[in-house]
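[1] Predicted structure and sequence below. I'll ask about it afterward.
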Protein chains: 2
Amino acid sequence: MGAKEKRNRNKEEFRREILNSARDLFIDVGYEKFSMRRLAEKINYSPTTIYLYFKGKDDLLLAICEEVAEQFLTKLSHIRSVQSNPYEALRHTMLYLVEFAFDNPNHYKVFFLTRPDVYGTHEEFMNRESMARNSYFEFRKIVQVCIGAGKLRPMDIDVLTQVLATAPHGLITMTLYQNSFPWIDRKVLATTLVDGLLRGFQQ
Amino acid sequence: MGAKEKRNRNKEEFRREILNSARDLFIDVGYEKFSMRRLAEKINYSPTTIYLYFKGKDDLLLAICEEVAEQFLTKLSHIRSVQSNPYEALRHTMLYLVEFAFDNPNHYKVFFLTRPDVYGTHEEFMNRESMARNSYFEFRKIVQVCIGAGKLRPMDIDVLTQVLATAPHGLITMTLYQNSFPWIDRKVLATTLVDGLLRGFQQ
DNA sequence: AGCAAACATTAACGCAGTTAAGTAATAGTA
DNA sequence: TACTATTACTTAACTGCGTTAATGTTTGCT
């Protein structure tokens, strides 16, 4: 066994290698079929080795998700900085949310539909740094500006933010999971939803 | 073993008994912890016995879900028959969708978020009788009436139906799965969403 | 040379869904 | 009544999972 060069590699580096392979496998075989044992086989190590670098499966998946969540968050700020019209910024943000989910269905499933308690209690979630939390704040900021600019009705900022942020998820989860159903083109549904919803909250 | 009276029971009857126990266990321990082995223990039979009455776990869970889906569908027709105002009927239908999910979170998870292909292809879904399909038709009918009565904008009926039907699911899945997040009261979010959304499609 | 830390492995536990083979009791028939 | 086929159910086992404990092996340090 050529186990010599395996040693010449520091911890952080190897952790990243595992993470990369995990991401590939995850995207390749999907969330349902991803397993520690498969990953171990792919990287030619025993399953237990992974546990020297990650606390467990949840920890590993969360790491994968934080990766793409960072992408997501970056894009959100980008949209806000590019669009001078706050209403258009919000609209594009919502549309991007849907597009992002369609482009990363497996990440989406892990991120939103598994392990409900990885972020701890409400307080811990709000206080501890995380991509999920920061994304919410970013989204909220855009909504705030829209209300401030008189584009949307003045109302409780968190109620409106949560309504606008969650509604697209319905479209996503349904079209993602209900494959038997003859959905209309997802892009059409997305724009119809977003435009209709925002129209409903204009003043 | 008092295995005598076990014989004096016809097949259909026993199937129902298993189904009842399964439903209880399912509601009791939740989707994640439900297992064939646990169910077998609960009904004092070996796990393999269940396979004489159900094809497998999926089949069993689907049977449980069709049960409550029937409840759901009954309520939908009821709402439509009680409400003379079509707009109010639609509004109540959407609100009931959310309420139903909150009342039956485990059923909801199985029904909407697992096994995407139990209903086969698009064509099979549309042609074969199922509670899921019938519920969609029922929902669609209400939307149709609203458009016909001039309460909602005239537009593609399926696009509008799918948008109105899926949006609430976002609220549901998020509040159901993201327990770490400090959500506003779900009822408030639901009414805000439904009213805002419908307002956006009024003419 | 001896030792401790680092790295990786094998073996195993407990759980899951499911299948194959076997057993005991009943019903039907000659 | 004796033989047979069917029914109802069980035991044992297979594959796969996440994870832990114990063990071995290599490396660098003193």
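    Structure received. Residues are numbered from 1 along each chain as shown, chains lettered A, B, ... in the order given.
[2] Spatially central residue in chain A, please.
    A:Ala69 (4.6 Å; CA atoms, centre = their mean).
[3] Show me chain A divided up by domain.
    Per the record, chain A has its domains at A:1-54, A:57-201, by automatic domain parsing.
[4] where exactly do the strands run in chain A?
    With DSSP state E, there are no strands along chain A.
[5] Nearest residue to the residue nearest to the centre of chain A in space, ignoring adjacent ones along the chain?
    A:Met131 (3.4 Å; CB to CB, 6 or more residues apart in numbering or on different chains). From N, CA and C alone the C-beta is placed, and that goes for glycine too.
[6] Kindly report the same for A:Ala40.
    Closest to A:Ala40 by CB to CB, 6+ apart is A:Pro47, at 4.1 Å.
[7] Now do the same contact list for that neighbour.
    Shown in contact with A:Pro47 (CB atoms under 8 Å, 6 or more residues apart in numbering or on different chains): A:36-37, A:39-40.
[8] how much distance is there from the lowest-mean-pLDDT helix or strand in chain A to the middle of the chain?
    Lowest by mean pLDDT, DSSP states H and E among the helices and strands of chain A is helix A:105-113, with a mean of 84. Mean C-alpha position of helix A:105-113 versus that of the full chain (CA atoms, centre = their mean, to the nearest Å) differs by 7 Å.
[9] now for that helix, which elements pack on it?
    Contacts defined by 3 or more CB pairs under 8 Å, 6 or more residues apart in numbering or on different chains; DSSP states H and E place helix A:105-113 against helix A:11-29, helix A:57-82, helix A:157-177, helix B:157-177.
[10] is it true that A:Leu189 touches A:Ile172?
    No: A:Leu189 is beyond contact range of A:Ile172, at 10.1 Å (criterion: CB atoms under 8 Å).
[11] could the helices and strands packed on helix A:105-113 go into a markdown table alongside distance to B:Val29 and mean pLDDT?
    As requested, those are exported to a markdown table (distance: least, CB to CB, whole Å; pLDDT from 0 to 100):
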| stretch | distance to B:Val29 | mean pLDDT |
| --- | --- | --- |
| helix A:11-29 | 28 | 93 |
| helix A:57-82 | 20 | 92 |
| helix A:157-177 | 23 | 96 |
| helix B:157-177 | 17 | 96 |
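[12] out of these, which comes closest to B:Gln83?
    B:Gln83 lies closest to helix B:157-177 among those, at 15.9 Å (CB to CB).
[13] Can you give the contact residues for stretch A:73-89?
    A:92-93, A:96, A:100, A:131, A:134-135, A:138-139, A:141-142, A:145-146, A:148-149, A:151-152, A:198.
[14] Out of the domains of chain A, indicate the one that is most buried.
    Among these, ranked by average contacts under mean count of other CB atoms under 10 Å in any protein chain shown, first place goes to domain A:57-201 (a mean of 18).
[15] That one and DNA strand D in contact?
    Yes: using CB under 7 Å from any atom of the strand, domain A:57-201 reaches DNA strand D at A:57-58.
[16] Can you tell me, leaving aside adjacent residues, what's nearest to A:Met36?
    What sits nearest to A:Met36 in space, not counting adjacent residues and going by CB to CB, 6+ apart, is A:Pro47, at 5.2 Å.
[17] how much space is there between that neighbour and DNA strand D?
    According to CB to the nearest atom of the strand, to the nearest Å, A:Pro47 and DNA strand D sit 4 Å apart.
[18] how close does that residue sit to A:Asp59?
    A:Pro47 sits 14 Å away from A:Asp59 when distances are taken as CB to CB, to the nearest Å.
[19] And A:Cys146, by the same measure?
    Counting by CB to CB, the gap from A:Cys146 to A:Asp59 is 37 Å.
[20] before we move on, what about A:Asn134?
    20 Å.
[21] And the pLDDT for A:Asn8?
    Here, the pLDDT recorded for A:Asn8 equals 50.
[22] How about the contacts made by A:Ser46?
    A:Ser46 neighbours (CB under 8 Å, 6+ apart): A:Ala40.
[23] how about it, phi and psi?
    phi -80, psi 150 (degrees, to the nearest 10).
[24] what residues does the least confident helix or strand of chain A touch?
    A:26-27, A:30-31, A:61-62, A:64-65, A:68-69, A:100-101, A:132, A:169, A:172-173, A:176, B:113, B:173-174, B:177-178.
[25] Equivalent analysis for stretch A:135-150, please.
    By CB under 8 Å, 6+ apart, stretch A:135-150 touches A:69, A:72-73, A:76-77, A:80, A:86-87, A:89-90, A:93, A:152-155, A:157-158, A:160-161, A:164-165, A:203, B:181.
[26] Output it in CSV, but only the C-alpha positions, please.
    This file holds the C-alpha atoms of stretch A:135-150, laid out as CSV (Å, rounded to 0.1, in the frame of the first residue of the first chain):
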residue,chain,number,x,y,z
SER,A,135,-28.6,35.5,4.3
TYR,A,136,-31.7,36.3,6.3
PHE,A,137,-30.3,39.6,7.4
GLU,A,138,-29.3,40.4,3.9
PHE,A,139,-32.8,39.6,2.6
ARG,A,140,-34.4,41.7,5.4
LYS,A,141,-32.2,44.7,4.6
ILE,A,142,-33.5,44.7,1.0
VAL,A,143,-37.1,44.5,2.2
GLN,A,144,-36.4,47.3,4.6
VAL,A,145,-35.2,49.6,1.9
CYS,A,146,-38.2,48.8,-0.2
ILE,A,147,-40.5,49.9,2.6
GLY,A,148,-38.4,52.9,3.2
ALA,A,149,-38.6,53.9,-0.4
GLY,A,150,-42.3,53.6,-0.4
